[in-house]
Each structure stands twice: as C-alpha cells, then as structure tokens.
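Chemist: using only what follows, build the 3D model:
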Amino acid sequence: MARYTGPKSKIARKFKEPIFGPDKHLERKNYPPGQHGNARRRGKKSEYSMQLMEKQKAKYTYGLLEKQFLNTYKKASIKKGIKGENLLRLLEARLDNTIYRMGFARTRSAARQFVSHRHVTVNDHVVNIPSYSLKPGDKVSIRERSKSLEAIADAVTSSNNSFSWLDVDRKELSGTFLNLPERSEIPENIKEQLIVELYSK
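Modeler: This next block holds a predicted model:
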C-alpha cells in the first residue's frame with residue numbers, strides 16, 4: 001500500500017485527535033468520518049480494535065508504512081528496556097522527525113521531503129534517507145545552499161517549541177541530537193503498550 005495522501009482532517013477525525021496539528025475541521029466535527037455521521041456507531045470497541053487503532057494512530061503520526069513500522073518495532077523489541085517506550089524513542093530519533101521537532105519544517109511530511117531532496121546534512125554529510133536513525137551527539141543542519149528556502153524560513157518563524165533532547169540554533173539552522181528522549185518528554189498521545197500487546201499476539 002502506498003503512503004496516504006488524502007485529506008488529513010479525515011484521519012484526524014478518525015482518531016478524534018489533531019495528530020497532524022491544529023485542525024478547525026476536527027473542532028467542528030469531533031467524531032469519525034462516514035456517510036451516516038455519528039448516529040450509527042457501535043458502542044464498546046473490542047480489545048483488538050483499540051490495539052489496532054493505537055498502532056494506526058502511531059503510523060499516521062510519524063508517517064510510516066506498515067513494513068517500516070513493523071521493522072522499527074522489531075528493533076525496539078530487542079533493545080533493553082520497555083518495548084513500547086523503545087519504539088517511541090526510535091521513532092523520535094528518525095531524521096525526518098528530528099527536522100520537524102527542531103522547527104525546520106511545519107509538518108513531518110514536509111520534513112521528509114526536505115531530507116529526500118538533499119537539503120539536510122548529518123555531521124556535515126548529506127543524508128537523503130528520512131528514516132536515518134540519529135545517535136546522541138549527531139549534528140543536524142540545513143545545507144548552506146538550502147537556507148534561503150521560503151518553506152524553511154516560514155517554519156522557523158512560526159516555531160517556538162523546544163525539546164530537552166535537542167539543542168537547536170535556529171539562526172544557523174542547525175542543532176544537535178543530544179540523547180534519546182524519555183517517554184515522559186515525548187508529547188504524542190500514544191498508548192504504546194496497546195501496540196506491544198497487538199504485536200505480541
């Protein structure tokens with residue numbers, strides 16, 4: 001299956017959360033999309049349904065396909081520590097996600113495009129693989145010739161978030177990935193334990 005390119009509001013309504021950022025459509029219609037609106041919904045969801053929903057939410061949030069997500073989970077499961085937390089930490093360490101967190105892109109999909117189009121360097125070497133996994137101490141920068149891009153300038157101007165695991169210099173459009181974040185530092189509303197239970201079946 002190809003990457004989803006349809007209306008993002010439709011997906012946000014499915015999960016009843018603004019997983020792609022502020023969404024005025026979600027505010028007006030905070031129920032899942034569908035022909036019959038909110039009138040003909042089943043009541044209680046099954047355990048499997050909730051687990052699957054949580055996995056889908058994480059996939060859409062970080063912009064991964066099924067195979068990519070499964071491979072990331074497998075890597076997380078062989079690491080020491082709690083599987084679910086390891087999974088989120090590996091997702092946060094992705095290069096495209098880090099560009100987004102640093103404020104150099106408005107969305108993760110824009111960050112993915114910047115990386116794919118060779119606008120980003122890691123430790124002064126061009127990296128065009130969005131899933132590239134950063135290690136503590138890695139320096140991430142926007143290439144000199146790409147610093148004048150309007151999309152990047154707009155993103156930096158509108159961004160005011162800061163994260164403890166990132167040291168960012170927005171004037172120089174560079175930053176350092178200091179360490180893998182703790183679960184309490186990751187703002188995403190994902191119940192990772194449900195994902196672990198799903199894959200453990």
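Chemist: low-confidence regions, this protein specifically.
Modeler: 1-43 (pLDDT under 70).
Chemist: pick out the residue nearest the middle of the protein.
Modeler: The residue lying closest to the centre of the chain (C-alpha atoms, centre = their mean) is Tyr62, at 2.8 Å.
Chemist: what's the spacing between it and Asp154?
Modeler: 22 Å (C-beta to C-beta, to the nearest Å). To be clear about C-beta, it is placed using only N, CA and C from the backbone, and glycine gets the same treatment.
Chemist: now whatever helix or strand Val168 lives in: buried residues?
Modeler: Element membership for Val168, per DSSP states H and E: strand 166-169. Within strand 166-169, the residues that qualify as buried are Leu166, Val168, counting by 16 or more other C-beta atoms under 10 Å.
Chemist: which secondary structure elements does that strand sit against?
Modeler: strand 174-177 (3 or more C-beta pairs under 8 Å, 6 or more residues apart in numbering; DSSP states H and E).
Chemist: I'd like to know which elements the strand it packs on is packed against.
Modeler: Applying 3+ C-beta pairs under 8 Å, 6+ apart, one finds that strand 174-177 contacts strand 138-142, strand 166-169.
Chemist: for Ser164, phi and psi?
Modeler: Phi and psi for Ser164, reported as degrees, to the nearest 10, are phi -60, psi -20.
Chemist: could you measure it against Glu185, distance?
Modeler: 6 Å.
Chemist: so for these two, which sits in the more crowded spot?
Modeler: Each of Ser164 and Glu185 has its neighbours counted (other C-beta atoms under 10 Å); Glu185 has more, 13 against 10.
Chemist: verify the contact between that one and Phe163 for me.
Modeler: Yes - applying C-beta atoms under 8 Å as the test, Glu185 and Phe163 come out as touching, 6.8 Å apart.
Chemist: buried ones in the helix or strand hosting Thr61?
Modeler: Per DSSP H and E, Thr61 falls inside helix 47-62. Neighbour counts over helix 47-62 (16+ other C-beta under 10 Å) mark Gln51, Met53, Glu54, Lys55, Gln56, Lys57, Ala58, Lys59, Tyr60, Thr61, Tyr62 as buried.
Chemist: who are the packing partners of the helix or strand following that helix?
Modeler: Using DSSP H and E, the helix or strand that directly follows helix 47-62 along the chain is helix 66-77. Helix 66-77 sits against helix 47-62, helix 83-92, helix 192-199, with contacts defined as 3+ C-beta pairs under 8 Å, 6+ apart.
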